[in-house]
Structure formats: C-alpha cells, structure tokens
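Peer 1: quick one, what's the 3D model for this:
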Amino acid sequence: MRDPPVANWIPACAGMTIIMNWLIILIKDIIRCMKLTESAIQEFQQEIWKYYEENKRVLPWRNVDDPYKVVISEIMLQQTQVVRVLPKYEEFLKVFPNFESLACASTHDLLSVWKGLGYNRRGLYLQKLAQIVVREFDGILPQDPDVLLQLPGVGKATAASISTFAYNTPTLFIETNIRTVFLYFFFKGKNEVHDNEILPLVEQTLDRQNPREWYYALMDYGVMLKSTGYRNLNQVSKQYVKQSKFEGSRRQIRGKILEYILKNKTMRLESLKVEIEDVRLESVLEELVKEKFLVEKNKLYSLA
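Peer 2: A predicted model of the protein is given here:
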C-alpha cells in the first residue's frame with residue numbers, strides 16, 4: 001500500500017494544529033473560569049487566619065517599613081531555607097544598611113558577607129539592583145511589579161512578593177509553601193497540577209484589604225503542612241523540580257574557587273588546580289570571569 005501524497009497530509013496536519021490550539025485555549029478558559037463559592041472562600045480564609053493568629057512566625061523582615069529590608073530578605077530566601085537566612089540577614093544589614101551602601105560595596109566585601117548562603121550570583125544581582133535603584137529611582141524602590149521585574153535577579157513571583165511585602169500591594173504570586181496550601185485544600189488526588197490552575201484560586205481567595213499579612217498566613221500554614229506529613233505534596237505540581245545534588249556539582253566548584261580567592265585575594269591557575277582537582281575547573285573559571293565575579297590576567301585570578 002502506497003503512502004498518500006505529501007500534499008494530502010498538509011491540510012490534515014494544519015487542521016490538527018488548529019484543533020490542538022483550540023483545545024489549549026479552551027482548557028485555559030476553563031481554568032480561568034474556576035469559581036469558588038463565597039462560603040468556600042470564607043471557610044478557607046477563616047481556616048488560614050485562625051491558624052495564623054495562633055501560630056504566626058516572628059521573622060525580622062516581616063511588617064517592616066523599609067522596602068530595602070524586604071528586597072534583601074526576598075532575594076536571600078530564593079532557594080534558601082529560613083533557618084540559614086536568619087543570621088545572614090542580620091549580618092548583611094549591619095554591613096550594608098541601605099541601597100546606597102550596597103551599591104558602593106566591593107565584590108570582596110559583598111561576597112565575604114554573602115558567604116554561606118550559596119548561589120553567589122544572587123549577591124551580585126542584588127548589588128546591581130541596588131545600583132539601579134540609587135541611580136534611576138533616587139534610592140526609592142519602585143512599587144509597580146512590572147518595573148520591579150526589570151531589575152536584575154527578580155522574576156515575576158519575586159517582583160510580586162516584593163511589591164506586596166514592601167507596599168501591601170494586592171499582587172498574585174506562588175511560592176513553595178503557598179503552593180502546598182492550595183494543593184492540600186483544592187487538588188487532593190490530582191497529579192501534575194500546573195500553577196496556572198492554582199493562580200485563579202489564589203486570586204479568588206486573596207484578602208485585598210491586607211494582602212501582606214494574608215500571604216504571611218498562607219506561607220505559615222504551608223510550613224505547618226510540611227512539618228506534619230505533607231512535605232512531598234509539591235511533587236504533584238507540574239512546576240516541581242528536584243534540586244540537583246550540591247556535592248560534586250559545578251556549584252560546589254564555584255563556591256570553592258570563590259572561597260580560596262576571598263582568602264588569598266589572588267590565585268594562579270596552577271595553585272587552583274592543586275586545591276581543586278576537577279577537569280571542569282577551567283570552564284568554571286571562564287564562567288566566573290564572564291559573569292564578572294572574577295578578573296583574569298595571565299592566568300592570575302582575583303575578584304572583580
């Protein structure tokens with residue numbers, strides 16, 4: 001049996017593409033139209049508020065009137081647990097108490113204080129953010145999430161959370177603890193739940209009179225769920241990505257390089273090869289130079 005002419009397949013494929021696109025639009029519309037009843041919203045809010053009133057966490061970056069402190073905490077808390085952030089947050093503010101002091105810091109001083117938090121790139125992004133705020137906004141952090149989104153190291157969720165926690169703006173965002181709460185209440189037994197399915201519920205249940213405190217309450221409830229047997233609930237989310245192991249990773253090599261150069265101020269490639277026996281060393285060094293962590297001259301490396 002001969003294959004049908006190629007020309008006959010073209011309309012069929014085009015038709016299938018149209019159908020698939022239509023189905024995607026339909027699914028998105030259905031998701032957007034998910035509506036909770038007023039009683040369901042009230043019951044959910046009452047449960048979250050009740051727990052929060054009795055068990056709220058006291059954290060130094062909460063309910064502060066300084067947007068700078070909010071920015072520092074939100075960037076530090078990206079991929080880092082609260083228990084690790086707490087001491088570094090206080091230390092960081094003592095050395096760099098405002099946007100101006102951070103904007104003027106040397107790379108050496110910045111990374112010395114950041115040491116222990118990991119993901120050192122966040123520290124550099126934070127300084128670049130401070131420089132932009134000082135240069136373009138007279139040292140005053142913008143409130144608009146769309147403007148915040150243009151700053152280095154700030155994604156959509158972080159832009160929204162900074163705006164909410166700094167200015168009590170009723171924005172929409174999801175982070176791991178918030179996701180856990182909505183999966184627990186509204187998606188029991190479901191798998192591969194996309195954040196696009198959760199966001200309409202976040203919007204419907206948002207306390208627009210006090211969004212800052214409401215998000216605190218959601219996150220605290222999520223922490224409670226994780227501590228009482230629901231730690232792996234986020235694995236049913238389509239956004240779930242298992243963090244790669246640190247041991248033996250390129251991140252570990254980057255950290256070791258920066259640690260040695262912070263200690264010695266400069267190091268030659270030969271000396272680094274003695275300390276770090278890994279075939280990826282030179283390629284990681286190239287990355288760090290490209291990202292402006294380091295400068296290199298005749299195989300001698302120092303902080304930028």
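
Peer 1: roughly how far does residue 83 sit from residue 94?
Peer 2: Distance, residue 83 to residue 94, using Cβ to Cβ, to the nearest Å: 19 Å. (Glycine included, C-beta is placed from N, CA and C.)

Peer 1: correction: the previous question concerned residue 64.
Peer 2: Residue 64 is 15 Å from residue 94, by Cβ to Cβ.

Peer 1: ok, the two, which is more surrounded?
Peer 2: residue 64 (14 against 9; other Cβ atoms under 10 Å).

Peer 1: skip the chain neighbours and tell me the closest residue to the more buried one.
Peer 2: Nearest residue to residue 64, sequence neighbours excluded (Cβ to Cβ, 6 or more residues apart in numbering): residue 70, at 6.6 Å.

Peer 1: need the contact list for the one you found.
Peer 2: 61, 64, 162, 165, 166 (Cβ atoms under 8 Å, 6 or more residues apart in numbering).

Peer 1: could you look up the SS state of the second one?
Peer 2: When you say that, I think you mean residue 64. coil (DSSP: H, G, I helix; E, B strand; the rest coil).

Peer 1: now swap in the last one and tell me
Peer 2: Three-state assignment for residue 166 (three-state DSSP): helix.

Peer 1: residue contacts, it?
Peer 2: Applying Cβ under 8 Å, 6+ apart, the residues near residue 166 are 67, 70, 71, 141, 143.

Peer 1: select only the buried ones of the residues you listed in ChimeraX?
Peer 2: Buried residues within the contacts of residue 166, by 16 or more other Cβ atoms under 10 Å, are selected in ChimeraX with:
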select :67,70,71,141
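
Peer 1: taking the contacts of residue 166 together, which two end up most distant?
Peer 2: Maximum pairwise distance among those (Cβ to Cβ): 12.2 Å, between 71 and 143.

Peer 1: relative to residue 46, which of the contacts of residue 70 is nearest.
Peer 2: residue 165 (23.1 Å).

Peer 1: what's the neighbour count on the closest one?
Peer 2: 25.

Peer 1: can you pull the buried residues of stretch 276-284?
Peer 2: Under 16+ other Cβ under 10 Å, the buried positions of stretch 276-284 are 276, 281, 284.

Peer 1: just the residues contacting it, thanks.
Peer 2: 250, 253, 254, 256, 257, 260, 269, 272, 273.

Peer 1: show only the entries of these found in helices.
Peer 2: 250, 253, 254, 256, 257, 260, 269, 272, 273 (DSSP state H).

Peer 1: which of those are buried?
Peer 2: 253, 254, 256, 257, 272.

Peer 1: any idea which of these is closest to residue 131?
Peer 2: Among these, and counting by Cβ to Cβ, the member closest to residue 131 is residue 254, at 22.7 Å.

Peer 1: the residue lying closest to the closest one once chain neighbours are set aside and residue 111, how far apart?
Peer 2: Sequence neighbours aside, residue 284 is the residue nearest to residue 254 in space, at 5.8 Å (criterion: Cβ to Cβ, 6+ apart). Between residue 284 and residue 111 the distance is 16 Å, computed by Cβ to Cβ.

Peer 1: same check on residue 135?
Peer 2: 22 Å.

Peer 1: of those two, who's got more company?
Peer 2: residue 111 (20 against 11).

Peer 1: quickly find the element holding the more buried one.
Peer 2: Applying DSSP states H and E as the criterion places residue 111 in helix 107-114.

Peer 1: which strands or helices does the helix or strand that comes right after that helix pack on?
Peer 2: With elements assigned by DSSP H and E, the helix or strand that comes after helix 107-114 is helix 121-137. Packed against helix 121-137 by the contact rule (3 or more Cβ pairs under 8 Å, 6 or more residues apart in numbering; DSSP states H and E) you find helix 67-76, helix 99-103, helix 107-114.

Peer 1: I'd like these laid out as JSON lines, including mean pLDDT and distance to residue 151.
Peer 2: JSON lines is the format used below for these (pLDDT from 0 to 100; distance: least, Cβ to Cβ, whole Å):
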{"stretch": "helix 67-76", "mean pLDDT": "98", "distance to residue 151": "9"}
{"stretch": "helix 99-103", "mean pLDDT": "98", "distance to residue 151": "11"}
{"stretch": "helix 107-114", "mean pLDDT": "92", "distance to residue 151": "17"}
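
Peer 1: looking at these, which is buried most?
Peer 2: Greatest average neighbour count among the helices and strands packed on helix 121-137 goes to helix 67-76 (a mean of 22), per mean count of other Cβ atoms under 10 Å.
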